[in-house]
Every structure is written in structure tokens, then in C-alpha cells.
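Enquirer: fold the following.
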Amino acid sequence: MSVKEWRAEIDQLDQTIIEALGKRVTLARQIARVKKEQRLPILDETREEEIRSGVKKLAKAHGLSPLIVVEIIQMILDYSRIEMGAV
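Expert: Okay, the predicted model is just below:
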């Protein structure tokens, strides 16, 4: 495989990541709407800790740095909070 082909594959993965992030934010907005309707707290620290714990395990299973992956996930969680109007 050539560098050009690998880069094309990376570009495709970047697109997939962005599409998945968009879908995740859309779902977070829907959850926030339901929580507001039901007068539930928007933020759920227990759920966020479950997410962080889960991605640590996934990172290890894929040979990635759990510390870095958790930082990335935390940025996504923070972004979701902004999108949900929880910040």
C-alpha cells in the first residue's frame, strides 16, 4: 500500500469519526430534551464515570493509551454539555 492510499484511508476514518461525533451530539441533545421534560438533572456524573471506565478498557484492548483516550472522551463529554446547554 502506498502513502497516498494510507492517507486516503485515514481521511475516510476521519470522516467516520466526525459523522459518529455528530450522531452522538444529536443523541445527547435528545436525551437532554427528555431530561428537561421530566425535570431530571442534565448532568449525570455516575454515567460519565461509566463512560470513562469503559473507554479505558477499550483503549487498552486496542493498544491505545487509556490516559489519552480518556482525555479525548472528556473533551467530547464537555462538548456535549455545551450542546445540551448544561454549561
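
Enquirer: low-confidence ranges, the chain, go.
Expert: 86-87 (pLDDT under 70).

Enquirer: can you give me the helices in it?
Expert: Ranges of helices in the chain, per DSSP state H, are 3-37, 45-61, 66-84.

Enquirer: next up, the contacts around the residue nearest to the spatial centre of the chain.
Expert: Centroid check for the chain by C-alpha atoms, centre = their mean gives Ile76 as the closest residue, at 4.6 Å. Taking C-beta atoms under 8 Å, 6 or more residues apart in numbering, we find Ile76 in contact with Leu21, Arg24. Just so you know, the C-beta spots here come from the backbone N, C-alpha and C atoms, and that holds for glycine as well.

Enquirer: any idea how far it lies from Leu43?
Expert: As judged by C-beta to C-beta, to the nearest Å, Ile76 and Leu43 stand 15 Å apart.

Enquirer: ok, now Lys23?
Expert: Counting by C-beta to C-beta, the gap from Lys23 to Leu43 is 21 Å.

Enquirer: between those two, which one's more packed in?
Expert: Remark: of Lys23 and Leu43, Leu43 carries more neighbours, 13 against 10, as counted by other C-beta atoms under 10 Å.

Enquirer: for the more buried one, grab phi and psi.
Expert: Note on Leu43: backbone dihedrals following degrees, to the nearest 10 are phi -90, psi 140.

Enquirer: i'd like the first residue to be 93 from this point on
Expert: Understood, numbering begins at 93; the last thing we discussed is Leu135.

Enquirer: so it touches Arg173, yeah?
Expert: Yes - counting by C-beta atoms under 8 Å, Leu135 does reach Arg173; the two are 7.0 Å apart.
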